[in-house]
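Trainee: please work out how this folds:
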Amino acid sequence: MMNKLIFKLVLTGLALTAITTAYADPEKDREGLTNYFEGRFPGVALAEFANGAYAYDTVGRESWEAIEEFPPYEIAIDDGQAMWEKPFANGKTYKDCFADGPAIAHKYPHWDKKQAMVMTLPLALNQCREANGEKPLKYKKGSINNIVSYIAFESRGNKTQVVIPEGDAGAMAAYEDGKKFFYTRRGQLNFSCATCHIQNAGNKIRSEILSSALGHTTHFPVYRSKWGAVGTLHRRFTGCNKQVRAKPFKAQGEEYRNLEYFLTYMSNGLELNGPGARK
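Mentor: Numbers count the residues shown, from 1 in each chain. The predicted structure follows:
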């Protein structure tokens with residue numbers, strides 16, 4: 001049975017989505033979620049939530065740490081570095097678009113005021129490619145995972161720091177849309193993201209211990225044993241929607257980008273440690 005604290009949290013999240021953006025307070029949302037998980041898992045240090053379910057799954061953590069000694073995503077990192085350094089047909093490289101170098105994962109997602117939309121790293125990479133006459137990469141599988149893995153690896157240790165520009169109604173609306181998505185039930189199973197990753201975080205679904213919403217975005221892209229390959233965050237969103245028997249949205253579409261904006265904001269202050277390895 002859902003305890004009163006969880007029930008109150010979920011109802012609060014649902015209720016907040018109906019409030020106008022003038023009353024939205026993302027920082028209070030983040031502090032509330034952080035306080036909730038610190039209370040639910042009192043022996044777990046806040047920084048540990050960057051490790052997903054392995055923050056509190058001691059048995060699974062042993063296997064995960066053994067896998068990380070010879071990580072299955074190393075080839076993706078190497079291939080991604082080669083992509084970063086290889087000139088486009090016009091002689092330019094990714095660095096011409098990203099002057100700060102590859103350690104930039106902590107800067108995404110962010111609100112792009114000029115385009116009036118949430119800008120994610122994969123979308124920014126494809127915009128760079130198209131601006132230089134190259135074909136865009138597919139968003140869930142293939143080469144996109146290599147270059148994002150390399151960037152994630154180079155960005156390790158940087159802290160998540162999503163900014164919602166003060167007074168920007170568009171950015172706040174995107175955040176609120178992402179929050180609404182997270183708390184809205186969908187599919188034949190009538191589950192929301194919060195059903196698994198707030199209400200049941202730490203509980204088992206089949207043989208898998210569910211991770212918490214706090215720290216969800218820190219370790220992507222991930223190599224999943226189930227996939228036998230590295231996959232993006234939006235591929236994982238797609239899989240979650242399918243698991244609750246809901247029709248998934250388009251990868252890098254507005255729905256998933258706004259969800260990423262909200263979910264990453266919830267992990268502000270946590271260190272990036274991607275790419276990761278998961279079951």
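Trainee: what residue is smack in the middle of the chain?
Mentor: The centre of the chain sits closest to Thr217, judged by CA atoms, centre = their mean, with a distance of 3.0 Å.
Trainee: assign the residue nearest to that residue when sequence neighbours are not counted to helix, strand or coil.
Mentor: Spatial nearest neighbour of Thr217, excluding adjacent residues (CB to CB, 6 or more residues apart in numbering): Thr264 at 4.5 Å. Yep, even glycine has a C-beta here, placed from its N, CA and C like the rest. With DSSP: H, G, I helix; E, B strand; the rest coil as the basis, Thr264 sits in helix.
Trainee: count the residues that sit near Thr264.
Mentor: Neighbourhood size, Thr264 [other CB atoms under 10 Å]: 25.
Trainee: distance-wise, check it relative to Arg30.
Mentor: According to CB to CB, to the nearest Å, Thr264 and Arg30 sit 10 Å apart.
Trainee: list the contacts of Asn108.
Mentor: To be clear, residue 108 is Tyr; Asn isn't right here. Counting by CB atoms under 8 Å, 6 or more residues apart in numbering, Tyr108 makes contact with Met119, Thr120, Leu121, Ala124.
Trainee: farthest pair within these?
Mentor: Greatest spatial distance in these: Met119 and Leu121, 8.2 Å, computed using CB to CB.
Trainee: where do the contact lists of those two overlap?
Mentor: With contacts defined as CB under 8 Å, 6+ apart, the residues shared by Met119 and Leu121 are Tyr108, Pro109.
Trainee: pick out whichever of these two has more residues nearby.
Mentor: The residue with more neighbours, out of Met119 and Leu121, is Leu121; 25 against 19, by other CB under 10 Å.
Trainee: make sure that one is actually in contact with Ala103.
Mentor: No - between Leu121 and Ala103 there is no contact under CB atoms under 8 Å: 11.9 Å.
Trainee: good, wrapping up.
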